[in-house]
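Visitor: starting from these lines, generate the structure:
(one chain, ligands or ions: 2)
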Amino acid sequence: MGELRGRFISLEGGEGVGKSSNIAFIVDWLTDAGIPFIQTREPGGTPLAEEVRELLLRPRDEGMTELSELLLVFAARAQHLHTKIEPALAAGTWVLCDRFTDATFAYQGYGRGLSRDTIEQLQQMVQGARRPDLTLLLDAPVEVGMARAGERGELDRFEQEQHSFFERVRAGYLALAEADPQRFSIIDASQPLADVQRDIGQVLQRFVDGSGASA
Ligand SMILES: Nc1ncnc2c1ncn2[C@@H]1O[C@H](COP(=O)(O)OP(=O)(O)OP(=O)(O)O)[C@@H](O)[C@H]1O
Ligand SMILES: Cc1cn([C@H]2C[C@H](O)[C@@H](COP(=O)(O)O)O2)c(=O)[nH]c1=O
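Guide: Ligands and ions are numbered 1, 2, ... in the order given. Below you'll find the predicted structure:
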């Protein structure tokens, strides 16, 4: 009999690269494959963590310090991980998460300039050894993502950042992926959506085949 352990898939990328569009595709793919899963997101995923998300994303006159931002991100993650993600994985349910801690290294680390060591200390405290089993990184030039995100209208606190911030975030994501090629798959998100989804489908099929789950 196969091992009862859910797999943890995260989806990452800069603003407007198409995470929402492709999450919908992955949801359909996992459903068609007959894999039991939950779909969730960070920051957020539980009522309390969604309140923290709102604090993080809402533009405000009072500046938020980098450390306050980092601690809020991990406060939301602690709640999300312990009340939703871990119980699902323990029950054999797969977890599909729109962003996880790679976003913290990319945004609060590369973007805001907080040290890797500081982030790793919180990562250890909140997550222990928990990491996604597969991370799909949607990568596109910053201009492409911002043009797509801009079409949505009002910008949140992160989307209001300077172009250089998003260049650092993108470079950070690519550095993280390069350092852990076993876990990351980089998807060229500047392609037409159908091609992006073809590539994601191929990665998922390889992952499922290697996981011993049927699909
Ligand atoms: N590969 C693509 N080619 C062209 N347009 C795309 C592509 N992917 C997404 N889009 C369009 O770009 C816009 C932003 O996409 P989407 O909302 O999926 O991005 P996102 O990264 O999930 O942003 P957020 O997480 O903030 O919602 C949407 O209008 C979507 O239809
Ligand atoms: C998990 C996480 C997220 N962020 C930022 C990145 C985005 O700007 C927003 C989330 O919005 P989206 O709908 O996913 O685009 O939050 C962050 O800075 N650090 C994190 O750890």
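Visitor: may I see the buried residues of the helix or strand of the chain with the lowest mean pLDDT?
Guide: When each helix and strand of the chain is scored by mean pLDDT, DSSP states H and E, helix 142-150 comes last, with a mean of 87. Across helix 142-150, burial judged by 16 or more other Cβ atoms under 10 Å covers 142, 144-146, 148-149. In short, each C-beta sits where N, CA and C put it, glycine included.
Visitor: list the buried ones in the lengthiest helix in the chain?
Guide: Counting residues, the longest helix found in the chain (DSSP state H) is helix 193-211. By 16+ other Cβ under 10 Å, the buried positions in helix 193-211 come out as 196-197, 199-200, 203-204, 207-208, 211.
Visitor: contacts for that helix, please.
Guide: Here helix 193-211 makes contact (Cβ atoms under 8 Å, 6 or more residues apart in numbering) with 7, 9, 18, 21-22, 25-26, 29-30, 33, 35, 133-134, 136, 138, 185, 187-189, 191, 214-215.
Visitor: gap between stretch 184-195 and the chain center?
Guide: Centroid separation between stretch 184-195 and its chain, computed with Cα atoms, centre = their mean, to the nearest Å, is 15 Å.
Visitor: pull up the distance across that stretch, start to finish.
Guide: With Cα to Cα, to the nearest Å applied, stretch 184-195 spans 19 Å between its terminal residues.
Visitor: can you tell me how far D28 is from ligand 1?
Guide: 14 Å (Cβ to the nearest ligand atom, to the nearest Å).
Visitor: got the phi and psi for that residue?
Guide: phi -60, psi -40 (degrees, to the nearest 10).
Visitor: tell me where this protein has helices.
Guide: Under DSSP H, the chain gives helices at 19-32, 47-57, 66-80, 86-90, 101-103, 116-127, 142-150, 163-179, 193-211.
Visitor: mind putting the ones you listed into JSON lines with distance to ligand 2?
Guide: Formatted as JSON lines, those follow (distance: least, Cβ to the nearest ligand atom, whole Å):
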{"stretch": "helix 19-32", "distance to ligand 2": "6"}
{"stretch": "helix 47-57", "distance to ligand 2": "6"}
{"stretch": "helix 66-80", "distance to ligand 2": "4"}
{"stretch": "helix 86-90", "distance to ligand 2": "17"}
{"stretch": "helix 101-103", "distance to ligand 2": "3"}
{"stretch": "helix 116-127", "distance to ligand 2": "9"}
{"stretch": "helix 142-150", "distance to ligand 2": "8"}
{"stretch": "helix 163-179", "distance to ligand 2": "8"}
{"stretch": "helix 193-211", "distance to ligand 2": "17"}
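Visitor: separation between Q127 and V52?
Guide: 16 Å (Cβ to Cβ, to the nearest Å).
Visitor: coming back round to it: can you put the buried residues of helix 193-211 in JSON lines and add pLDDT?
Guide: Below are the buried residues of helix 193-211 laid out as JSON lines (pLDDT from 0 to 100):
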{"residue": "V196", "pLDDT": "98"}
{"residue": "Q197", "pLDDT": "98"}
{"residue": "D199", "pLDDT": "98"}
{"residue": "I200", "pLDDT": "98"}
{"residue": "V203", "pLDDT": "98"}
{"residue": "L204", "pLDDT": "98"}
{"residue": "F207", "pLDDT": "97"}
{"residue": "V208", "pLDDT": "96"}
{"residue": "S211", "pLDDT": "85"}
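Visitor: many thanks, we can stop here.
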